[in-house]
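Q: below is the sequence, then the predicted model.
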2 protein chains.
Amino acid sequence: MALILALDFGGTKLAAAMTNLGSREWLRYERCFSPANADAKTDLEMMRSLIYALLQDTKPAAIGVSFGGPVDFTTGTVRLSHHVAGWKNIVLKQLLEAEFGVPASVDNDANIAALGEHRFGAGQGYDSLFYITVSTGIGGGWILNSKPWRGTAGMAGEIGHVVVNPDGPVCLCGKRGCVERLASGPYMAQDAREILFKEPAKLQGQRGKILTELVNNDLDLITGKVVSEAAVKGDELALNILHGGAWALGVGIGNVANLINPQRFILGGSVTKSGADWWSVVQKTAHETALPEIDFDIVPATLGDDAPLWGAVALAEFAL
Amino acid sequence: MALILALDFGGTKLAAAMTNLGSREWLRYERCFSPANADAKTDLEMMRSLIYALLQDTKPAAIGVSFGGPVDFTTGTVRLSHHVAGWKNIVLKQLLEAEFGVPASVDNDANIAALGEHRFGAGQGYDSLFYITVSTGIGGGWILNSKPWRGTAGMAGEIGHVVVNPDGPVCLCGKRGCVERLASGPYMAQDAREILFKEPAKLQGQRGKILTELVNNDLDLITGKVVSEAAVKGDELALNILHGGAWALGVGIGNVANLINPQRFILGGSVTKSGADWWSVVQKTAHETALPEIDFDIVPATLGDDAPLWGAVALAEFAL
């Protein structure tokens, strides 16, 4: 039976697991946190020890790797990590192939999640889908004709930087009104903080009261998750911001439907846990933005925390 | 030598031509205008006579058809014509195969143009491209992995109804600020007319003066072409409107680059003949909207008036 080795460089944590080809259960599983002062070298050393703990006296048939940052899939090169220093143009594929003597494939986490959901999750049986992670950042991965579509330079899927409101607030990328600027957790938190710093909740009637209470009046503690929680509890300011994010994502999805007409959209990431209200605004806006003839559905990702590892298994299978 | 028969149902005109497989010259070519009161039945009768005039005593190996309206490629069914009555769910593929006994393939004009440019025009040697027609309407066709991508229900490519300004004017599709609402010829003309009806050029200084003179003060005669002409001659109102259209198209293209990362964009249609200024706004806006890492170029279509026929040849070749 062929063994598949799956690795996840997740930014704050590292994980490695092993499964038999075609199985849906892990034979062995190891993980650890990446320390605060980690760099590429320590990450690689820690991952090596996880791998050797897993492998014992076995040898995998193929290795699949999910990396939380831009990757050139063709050469298996990590271009950059936004979280860990020292990851710059490291040819991870080559390092792994040299050490373990088997084919290794490396891709970014969004493409990997699309692959994982297609092979094992909410995308099984779908020829075309777009996976979107809505979390600290917003990005996506494509399956078209049942295969990953990465774009001519591996840059496809950047729905986070699709402009949906050219008069909106400025994003880190320099443009105004990107989906990520409006719908990602940190930016929703930033918007809430700025509004409450300017005009505290007590001056706004009930607006922002629950939100302020949830952080014990320390506005610096507001996160995307806190905004979602306050919205669920009926805080009007939080609801406004969350709806604005859901609207932006919905316009982005509707535009993607008009352009590419995939069968299904799959959403994962922390912000997708913001409740039924958030989902309903996303769904409604997306269908209003798409032409009426264009049919699609929008469903939650199903693979959960192990998504990068199962996606890495799906990727490794292509090499067999 | 295998003969390819290419047909173009263009809305206002019908054309048929024949070439040898692999050739870039027409053996024979026939065309005629579709009369003002044409319906699907008369269009089909006229096309039959063009075909029989072409074929004489020969028999084609395959037939390719470009249709100016939505088509279900899989079944070869014309769903609708926006120009000619009676085209509703007509299985054109089946009609042609029954009459001529050879494989027939039918697709809409935007997909056909993408195919034609890929096979014979500005897209030769490119794995991925997006063709956009900017004319009375705005639509597009995809080549991904060197093959047409039509979407799960054949609806991919609708860049005309991508929203680029949610606070913009209302489009016929019901949404605000679609690319087509801002950048198509008829809508640019409508915007110019409405501004000048409200506030004639003489009250605006030079704004709109040249535009008004070009139509001898009869504002109803303003078309997209007239707006372009006035802009080239320096009319400020016309320039504003044309730049607004070029901006909208540029945002749409930049968003597409972020989402799909194709190698090349190819633009055809009457509005693309609006001069260097229009092109430069489209190019600049598209590159500003795309992430800096995303590389692409935007070039004019090269096949000209015969594009639908050459595209139909490329389509027919797939059946051989």
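A: Cool, the structure landed.

Q: show the model's pLDDT score for the residue in the stretch 101-250 of chain A that chain B sits nearest to.
A: Going by CB to the nearest CB, chain B is nearest to A:Gly151 of the stretch 101-250 of chain A, at 2.5 Å. All C-beta atoms are positioned from the backbone trio N, CA, C, and that covers glycine. With respect to pLDDT, A:Gly151 has a value of 95.

Q: same question, A:Asn37
A: Confidence score, pLDDT, at A:Asn37: 86.

Q: same thing with A:Ala201?
A: 69.

Q: I'd assumed B:Asp127 was in contact with the residue of the stretch 101-250 of chain A closest to chain B.
A: No - here A:Gly151 does not reach B:Asp127: they are 10.3 Å apart, not a contact under CB atoms under 8 Å.

Q: next, work out how far apart the residue of the stretch 101-250 of chain A closest to chain B and B:Asn240 are.
A: 34 Å (CB to CB, to the nearest Å).

Q: okay, these two: which has more neighbours?
A: Between A:Gly151 and B:Asn240, A:Gly151 has the larger neighbour count (other CB atoms under 10 Å in any protein chain shown), namely 23 against 16.

Q: quickly note the distance from the more buried one to A:Phe73.
A: When distance is defined by CB to CB, A:Gly151 is 10 Å away from A:Phe73.

Q: and A:Thr152, by the same measure?
A: 12 Å.

Q: residues contacting the nearest residue to A:Phe33 once chain neighbours are set aside?
A: Of all residues not flanking A:Phe33 in the chain, A:Lys13 sits nearest, at 5.2 Å (CB to CB, 6 or more residues apart in numbering or on different chains). With contacts defined as CB atoms under 8 Å, 6 or more residues apart in numbering or on different chains, A:Lys13 is in contact with A:Arg31, A:Cys32, A:Phe33, A:Ser34.

Q: out of these, which end up buried?
A: The neighbour-count test (16 or more other CB atoms under 10 Å in any protein chain shown) marks A:Ser34 as buried among the contacts of A:Lys13.

Q: mind putting the contacts of A:Lys13 into a markdown table with pLDDT and secondary structure?
A: Listed next are the contacts of A:Lys13 as a markdown table, based on pLDDT from 0 to 100; DSSP: H, G, I helix; E, B strand; the rest coil:
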| residue | pLDDT | secondary structure |
| --- | --- | --- |
| A:Arg31 | 91 | strand |
| A:Cys32 | 93 | strand |
| A:Phe33 | 90 | strand |
| A:Ser34 | 84 | coil |
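
Q: run the chain-centre distance for the top helix by length along chain A.
A: Determined from DSSP state H, the single longest helix within chain A is helix A:236-260. Computed by CA atoms, centre = their mean, to the nearest Å, the chain-centroid distance of helix A:236-260 equals 17 Å.

Q: quick one: work out the angle between it and helix B:236-260.
A: 90 degrees (axes from the mean of the first three to the mean of the last three CA atoms, to 10 degrees).

Q: in helix A:236-260, what's buried?
A: Applying a neighbour-count criterion of 16+ other CB under 10 Å, one finds A:236-260 buried in helix A:236-260.

Q: and stretch A:40-51, by the same measure?
A: Residues of stretch A:40-51 classed as buried: A:Ala40, A:Thr42, A:Asp43, A:Leu44, A:Met46, A:Met47, A:Leu50, A:Ile51 (neighbour count, 16+ other CB under 10 Å).

Q: could you do stretch A:266-278 as well?
A: Buried residues in stretch A:266-278, defined by neighbour count with 16+ other CB under 10 Å: A:Ile266, A:Leu267, A:Gly268, A:Gly269, A:Ser270, A:Val271, A:Thr272, A:Ser274, A:Trp278.

Q: mind listing what the last one touches?
A: Applying CB under 8 Å, 6+ apart, we find A:Trp278 in contact with A:Ser228, A:Ala231, A:Leu242, A:His243, A:Gly245, A:Ala246, A:Val271, A:Thr272.

Q: nearest to A:Ser135 among these?
A: When the contacts of A:Trp278 are ranked by distance to A:Ser135 (CB to CB), A:Val271 comes first, at 6.1 Å.

Q: what about the spatially closest residue to the closest one that is not a sequence neighbour, how many residues nearby?
A: Take A:Val271 and drop its neighbours on the chain: the residue closest to it by CB to CB, 6+ apart is A:Val134, 4.2 Å away. For A:Val134, the count of nearby residues is 29 (other CB under 10 Å).

Q: same deal with A:Thr12?
A: Neighbour count for A:Thr12, taken as other CB under 10 Å: 12.

Q: report the contact partners of it.
A: A:Phe33, A:Ser34, A:His83.

Q: how many residues are close by the closest residue to chain B within the stretch 201-320 of chain A?
A: Proximity of the stretch 201-320 of chain A to chain B (CB to the nearest CB) peaks at A:Asn261, 2.5 Å away. For A:Asn261, the neighbour count with other CB under 10 Å is 25.

Q: quick one: pLDDT of it?
A: As predicted, A:Asn261 sits at a pLDDT of 97.

Q: for it, which non-adjacent residue is spatially closest?
A: Nearest non-adjacent residue to A:Asn261, counting by CB to CB, 6+ apart: B:Gly151, 2.5 Å away.

Q: is that neighbour in a helix, a strand, or coil?
A: For B:Gly151, the assignment made with DSSP: H, G, I helix; E, B strand; the rest coil gives coil.

Q: list phi and psi for A:Gly123.
A: Backbone torsions of A:Gly123, given as degrees, to the nearest 10, read phi -110, psi 10.

Q: for it, which residues are in contact?
A: Taking CB under 8 Å, 6+ apart as the criterion, A:Gly123 is in contact with A:Ala114, A:Glu117, A:Leu129, A:Tyr131, A:Ile143, A:Arg264, A:Ile266.

Q: looking at those residues, which two lie furthest apart in space?
A: A:Ala114 and A:Arg264 (10.8 Å).

Q: where do the contact lists of these two overlap?
A: A:Gly123, A:Leu129, A:Phe130.

Q: could you dump these into TSV with pLDDT added?
A: Putting the shared contacts of A:Ala114 and A:Arg264 into TSV (pLDDT from 0 to 100) gives the following:
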residue	pLDDT
A:Gly123	97
A:Leu129	98
A:Phe130	98
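
Q: right, I'll leave it there.
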